[in-house]
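Trainee: Below is the structure, and that's it, no one-letter string:
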DNA sequence: TAGTGAATCTAGCGTTGCTAGGAACAAGGC
DNA sequence: GCCTTGTTCCTAGCAACGCTAGATTCACTA
C-alpha cells in the first residue's frame, strides 16, 4: 500500500501547490487575474489538472479562504493571548483583525467577500472560523449582557465594514486611527 | 436646434432604459446573469449600442449604483425626518438602511461591494451619497465628540458589515433583531 | 513482455466583454 | 428630384474565459 500512499501524498502536495499559486497570483494582481490557464501555467501542469483536485475555480478560492481563516485565527490568538478581556484586549483584537485585512486584501476577499460554498455560522463551519469567532467573543465577554453571540457579530460586522469599505476606496484612508479608537470606545 | 435636442433626449432615455434593464436583470437573477448580450436583448438593441452610451459594463453597474444611492437617501431621509436626533432616530436610520439592503441586494452590491469607478469619500462624490452620509451623521450628533465624521464612518461600517455578512450567508439570519438592538444601544 | 489502469495532455465547446467595418437612413445643397 | 454627407445601428469577429471529452502516454502488475 505504500505506493498508493505516496501517490496520495503527492496528490495532496500538488493541491497545496495550486492553492498557494492561486493565493500568490491573487495577492500580486487581484482575483481577476486568477484564471485557470494562468494558474495551470504557474504550477506547470495543463489546465485540466486543476479539475482533478478541485470541483472548479470557486473551490480553489474556497481553499484559499480556509487557509486565510486559519492564519487570521493564529494572529488573533497571538494578539489577545496574554491580555485581560476588556478594553485593552478589544483594541488588540481590532487592530490585529484590520491589520490582516490590510496586509492580505486578496485573501481577505476570498474569506469574507467573494461568494463561497463554505458553511458559515453553522456547526459545520471550519474549525478555524469558529475559533476566530471565539477569540473575538472572548475579548467582549466583560461587556456583554446575555447575548454574547450577537454582540460578537456586531463587533465583527463593524470590523468587516471598515475593512471592506477601506479596501474598496469608499472610506477616508487617513482616518483609520480615529475609527479604531471609536470601535474600542464602543466595544471595550 | 430642436431636432438635435430631441435626439439628445431620446439618447438619454435609452441610457435610462439600459440602466433600468440592468437593474431588473440583476435583481431577478444576480449580477452574474447581467451580460452585455442579455442586456442588449432586453432593450431590443444590438449589443454594441450599449457602448455608445457607456464606456463598458462597469459604467452601467456604476449607473445602477448611483440610482440606488439616490433611492437610499430618500428612504433614510423619510425614516429620520421627524425624529429628534438620538436613540430613536438611530434606530430608525439603522432599520431603514438594513431594510433597503435586504429588499434590493443586487443594487446594494452595486453601490457598496462591487468595484466601482465612482468617487467616494471625496468632494467629487455624488451628491446623493453625501446626503445619505449626512443623514447618518445627523442622527449621531448628540452622541458624537468632536469627530462626527469618523463616528459616522464606524456606524456605516457596522451597518454595512451586517448587511453584507447577512447577504452572503455568513451570519445567522435569525438574530437580526438582536444585532439591530445592539447597534442602537451602541450608537444611540 | 504484454496487458491494464491511472495520469495527463491536446483540442474544443459555449460564453464572456468589447470592437472593427459596412449597411441603412435622414438632413442639407444643387 | 438627386446626390453627398454624416450619423446610427447591426453583423461579424477577436481574444480570453471556465470547463470537458477523447486520445495518449506512462508506470505498474501479472
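Mentor: Nice, I can see it. Bear in mind the structure is a predicted one, so any value in this text is a computation, not a measurement.

Trainee: Quick check: mean pLDDT of stretch A:67-83?
Mentor: The average pLDDT within stretch A:67-83 is 96.

Trainee: Is there contact, residue-wise, from that stretch to chain B?
Mentor: No: for stretch A:67-83, no contact with chain B is found by C-beta under 8 Å from any C-beta of the partner chain; the gap never falls below 11.4 Å. C-beta here means a position set from N, CA and C on the backbone, and glycine is covered the same way.

Trainee: sec struct for residue A:55, please.
Mentor: Following DSSP: H, G, I helix; E, B strand; the rest coil, the label given to residue A:55 is coil.

Trainee: I'd like to know how far it sits from residue A:34.
Mentor: To residue A:34, residue A:55 is 16 Å away according to C-beta to C-beta, to the nearest Å.

Trainee: The two - which one has more neighbours?
Mentor: In terms of neighbours (other C-beta atoms under 10 Å in any protein chain shown), residue A:34 is the more surrounded of residue A:55 and residue A:34; the figures are 24 against 11.

Trainee: Could you double-check that the more buried one sits in contact with residue A:26?
Mentor: Yes: counting by C-beta atoms under 8 Å, residue A:34 does reach residue A:26; the two are 5.1 Å apart.

Trainee: chain center to stretch A:93-106, what's the gap?
Mentor: 9 Å (C-alpha atoms, centre = their mean, to the nearest Å).

Trainee: Now that stretch: average pLDDT?
Mentor: Stretch A:93-106 shows a mean pLDDT of 98 in the predicted model.

Trainee: next one: stretch A:8-22
Mentor: 90.

Trainee: Buried residues, that stretch. List them.
Mentor: Buried residues in stretch A:8-22, counted by 16 or more other C-beta atoms under 10 Å in any protein chain shown: A:14, A:15, A:18, A:19, A:21, A:22.

Trainee: can you pull the contacts of the third one?
Mentor: When contacts are counted by C-beta atoms under 8 Å, 6 or more residues apart in numbering or on different chains, residue A:18 is found next to A:39, A:43, A:50, A:53, A:54, A:60.

Trainee: secondary structure element for it?
Mentor: Here residue A:18 sits within helix A:2-29, counting by DSSP states H and E.

Trainee: and that helix, anywhere near DNA strand C?
Mentor: Yes: using C-beta under 7 Å from any atom of the strand, we find that helix A:2-29 touches DNA strand C at A:7, A:11.

Trainee: Off-centre distance for that helix?
Mentor: Using C-alpha atoms, centre = their mean, the offset of helix A:2-29 from its chain centre is 19 Å.

Trainee: do the same with stretch A:37-45
Mentor: Stretch A:37-45 sits 24 Å away from the centroid of its parent chain (C-alpha atoms, centre = their mean).

Trainee: coming back round to it: quick check: what element follows the helix holding residue A:18 along the chain?
Mentor: helix A:36-43.

Trainee: So which bits of that following helix are buried?
Mentor: A:36, A:39, A:40, A:42, A:43.

Trainee: Contact residues of chain A facing DNA strand D?
Mentor: Counting by C-beta under 7 Å from any atom of the strand, chain A sits next to DNA strand D at A:3, A:34, A:35, A:36, A:37, A:38, A:47, A:48, A:51, A:56, A:57, A:58.

Trainee: repeat that with 6 Å
Mentor: Proximity of chain A to DNA strand D (C-beta under 6 Å from any atom of the strand) is limited to residues A:3, A:35, A:36, A:37, A:38, A:47, A:48, A:51, A:56, A:57.

Trainee: tell me the two of those that are most distant?
Mentor: A:3 and A:35 (34.4 Å; C-beta to C-beta).

Trainee: Which residue of those two possesses the greater neighbour count?
Mentor: Neighbours per residue, other C-beta under 10 Å: of residue A:3 and residue A:35, the larger number sits with residue A:35, 13 against 7.

Trainee: give me phi/psi at that one?
Mentor: When read as degrees, to the nearest 10, the backbone of residue A:35 gives phi -110, psi 160.

Trainee: Kindly report the same for residue A:147.
Mentor: Residue A:147 adopts backbone torsions of phi -100, psi 70, taken as degrees, to the nearest 10.

Trainee: who's in contact with it?
Mentor: B:175, B:178, B:182.

Trainee: Can you tell me how far the first one is from DNA strand D?
Mentor: So that's residue B:175. 33 Å (C-beta to the nearest atom of the strand, to the nearest Å).

Trainee: Please apply the same query to residue A:116.
Mentor: Distance, residue A:116 to DNA strand D, using C-beta to the nearest atom of the strand: 14 Å.

Trainee: ok, that residue touching residue A:65?
Mentor: Yes: Residue A:116 is in contact with residue A:65 according to C-beta under 8 Å; the separation is 6.2 Å.

Trainee: which residues are in contact with both of the two?
Mentor: Both residue A:116 and residue A:65 are in contact with residue A:110, where contact means C-beta under 8 Å, 6+ apart.

Trainee: Those two: which is more packed in?
Mentor: Neighbours per residue, other C-beta under 10 Å: of residue A:116 and residue A:65, the larger number sits with residue A:65, 25 against 18.
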